[in-house]
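A.B. asks: Got a predicted structure plus its sequence, pasted below:
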Amino acid sequence: MSEKRDYYEVLGVERNVSPDELKRAYRKKALECHPDRNPGDAQAEAKFKAAAEAYDVLADPEKRKRYDQFGHAGLGQGSFSGTRFTNIEDIFEAFGDVFGGGLFGEFFGGQRRRGGKRPGRDLRIVLELTLEEVDTGVEKQISIKRTEHCGTCKGNGAKPGTAPVVCSTCGGHGQVQRSQGFFTMASTCPRCRGAGKAIESPCADCRGTGGTQRKADLEIQVPAGVEDGMTIRVGNEGDVGEPGAPRGNLHCVIRELEHRVFQRSGADLMTEVPCSFAQLALGDTVEIPTLRGRAEMTIPAGTQSGKVFRLRGQGLPQLEGRARGDQLVRVFVETPKKLTERQQELLREFDQIDQELSGKKSFFEKLAEYFK
Ligand SMILES: [Zn+2]
Ligand SMILES: [Zn+2]
């Protein structure tokens, strides 16, 4: 195996390339060596994969930063070293999603056709999950509307007893040729819109479309540790295709609902816990909420407001890997808004002793000491 090429070089961009320029450069590269344009060309395919790998890293700000600092070594062994994409379909899946099909779609007719028949459209839904569901993983019951074959015409759009005929305008090719001077240009047949077939007596129930909307109840398996914005692809649960062609796929985009107590950062959970000045000054053991219940946490004497404690393993599971994240607990002093006479008296007395002990230092002296 030869040495890995620099990712910026692979995409032919400068190191300070902006995300937009990067996307454009990748798009250009991908189209150049797209396997549909270079059938049977192993070198083009290798280039296509290399470009996808480079883009996968550079389009992710985290990964790009690591790559800039440490090169290929910064991306870790095994986790990503060209292994993410084992075949061309993986690449379509990864980036077809990111760009909503637009990246390749414009040039290659949206859906890749299989056997000349149009597969069903992909569908996209949003799956809302609570942090608790992310924690355990969950089976979600969902209800979607999707296109099924019309029961009356079995999906071909023709009135029962009749059948679609070969389109007379294009002779069944789906494309028409037009001559302009020296050039011959092919364009989609205006009559059959590329289908190659025409329906002379349309089915009354679907008006010749061959499809009808129906509700479907599905169960989606959501693994533990998913993150907001991720997509779960469920194969063959999209719209039905032309008779004989496969269904589209269903893409479930994860949306994480806000939690009352926790904020999330990757696999870590963050909480803020208000404490009294006395608790932080004297030390205390407090009970704090965790995603799965409660935990006891010891605050040592002399803890500053804003200090963050780490509770190991109390975070979320990681999607890939066995370790759990941590829970980060930030303690802060909650200043009382109302004080009784007695409380005020005690605080004044406390403050006086405090000042005597610290020898009446100025604010700036104290500040300097604090930051020492
Ligand atoms: Zn019909
Ligand atoms: Zn036609």
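C.D. replies: In hand now; what should we look at? Numbers count the residues shown, from 1 in each chain. Ligands and ions are numbered 1, 2, ... in the order given.
A.B. asks: nearest spatial neighbour of the residue positioned nearest the centre of the chain, skipping sequence neighbours?
C.D. replies: Central residue check for the chain by CA atoms, centre = their mean: the C-alpha nearest the mean position is that of residue 230, 2.8 Å away. Nearest non-adjacent residue to residue 230, counting by CB to CB, 6 or more residues apart in numbering: residue 254, 4.7 Å away. Heads up, the C-betas are built off the backbone N, CA and C, glycines and all.
A.B. asks: Looks like that neighbour contacts residue 223 (just checking).
C.D. replies: No. Contact status for residue 254 versus residue 223: not in contact, 10.5 Å apart, counting by CB atoms under 8 Å.
A.B. asks: buried stuff in stretch 38-48?
C.D. replies: For stretch 38-48, the buried set under the neighbour-count rule, 16 or more other CB atoms under 10 Å, comprises 44, 45, 47, 48.
A.B. asks: so can I have JSON lines of these showing secondary structure?
C.D. replies: Below are these laid out as JSON lines (DSSP: H, G, I helix; E, B strand; the rest coil):
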{"residue": "44", "secondary structure": "helix"}
{"residue": "45", "secondary structure": "helix"}
{"residue": "47", "secondary structure": "helix"}
{"residue": "48", "secondary structure": "helix"}
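A.B. asks: about what we covered before: of residue 254 and residue 223, who's got more company?
C.D. replies: Neighbours were tallied for residue 254 and for residue 223 using other CB atoms under 10 Å; the higher tally belongs to residue 254 (18 against 13).
A.B. asks: quick one: the helices in the stretch 201-350 of the chain?
C.D. replies: 277-282, 341-357 (DSSP state H, counting those that start in this stretch).
A.B. asks: can you list contacts of the first one?
C.D. replies: Taking contacts as CB atoms under 8 Å, 6 or more residues apart in numbering, the residues outside helix 277-282 that touch it are 286, 299, 301, 302, 303, 304, 305, 331, 333, 335.
A.B. asks: Quick check on these: which are buried?
C.D. replies: Buried among the contacts of helix 277-282 (16+ other CB under 10 Å): 299, 303, 331, 333.
A.B. asks: The first one contacts residue 283, correct?
C.D. replies: In this case it means residue 299. Yes. Using CB under 8 Å, residue 299 makes contact with residue 283 at a distance of 5.7 Å.
A.B. asks: what about the helices in the stretch 51-200 of the chain?
C.D. replies: Secondary structure of the stretch 51-200 of the chain (DSSP H, counting those that start in this stretch): helices at 61-70, 88-98, 102-105, 131-136.
A.B. asks: So for the last one, what gets flagged as buried?
C.D. replies: Along helix 131-136, the positions that meet the burial threshold by neighbour count (16+ other CB under 10 Å) are 131, 133, 134, 135.
A.B. asks: Relative to residue 185, which of those residues is nearest.
C.D. replies: Nearest to residue 185 among the buried residues of helix 131-136 is residue 134, at 52.5 Å by CB to CB.
A.B. asks: what does the stretch 101-250 of the chain put close to ligand 2?
C.D. replies: Contact residues, the stretch 101-250 of the chain versus ligand 2 (CB under 5 Å from the ion): 167, 169, 170, 189, 191, 192.
A.B. asks: pLDDT and neighbour count for the residues you listed - can I get that in JSON lines?
C.D. replies: Conversion of those to JSON lines gives the following (pLDDT from 0 to 100; neighbours: other CB atoms under 10 Å):
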{"residue": "167", "pLDDT": "89", "neighbour count": "21"}
{"residue": "169", "pLDDT": "88", "neighbour count": "14"}
{"residue": "170", "pLDDT": "88", "neighbour count": "23"}
{"residue": "189", "pLDDT": "87", "neighbour count": "20"}
{"residue": "191", "pLDDT": "85", "neighbour count": "13"}
{"residue": "192", "pLDDT": "83", "neighbour count": "22"}
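A.B. asks: Can you tell me which of these is nearest residue 69?
C.D. replies: Distances from residue 69 to these, taken by CB to CB, are shortest for residue 189, at 54.4 Å.
A.B. asks: Tell me which residues touch the closest one, please.
C.D. replies: By CB under 8 Å, 6+ apart, residue 189 lies in contact with 167, 169, 170, 173, 174, 175, 176, 196.
A.B. asks: Reformat the residues you listed as CSV; add distance to residue 355.
C.D. replies: CSV is the format used below for the contacts of residue 189 (distance: CB to CB, whole Å):
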residue, distance to residue 355
167, 95
169, 96
170, 95
173, 94
174, 90
175, 90
176, 94
196, 92
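A.B. asks: Which ones among those lie within strands?
C.D. replies: Among those, the residues falling in strands (DSSP state E) are 175, 176.
A.B. asks: so who does residue 181 touch?
C.D. replies: Going by CB under 8 Å, 6+ apart, the list of residues near residue 181 is empty.
A.B. asks: Let's see the pLDDT reported for it.
C.D. replies: pLDDT recorded at residue 181 is 72.
A.B. asks: Could you do the one 5 residues further on as well?
C.D. replies: At residue 186 the predicted local confidence, pLDDT, stands at 81.
A.B. asks: Is it in contact with residue 174, as I believe?
C.D. replies: No. The pair residue 186 / residue 174 is not scored as a contact, 9.8 Å apart, by CB under 8 Å.
A.B. asks: okay, the two: which has more neighbours?
C.D. replies: More crowded of residue 186 and residue 174, by other CB under 10 Å: residue 174, with 17 against 12.
A.B. asks: from what I can see that one touches residue 195, true?
C.D. replies: Yes. Taking contacts as CB under 8 Å, residue 174 lies within contact range of residue 195: 6.2 Å.
A.B. asks: Mutual contacts of those two, please.
C.D. replies: Listed contacts common to residue 174 and residue 195 are residue 167; contacts here mean CB under 8 Å, 6+ apart.
A.B. asks: if I look at residue 307, how far off is residue 371?
C.D. replies: Distance, residue 307 to residue 371, by CB to CB, to the nearest Å: 15 Å.
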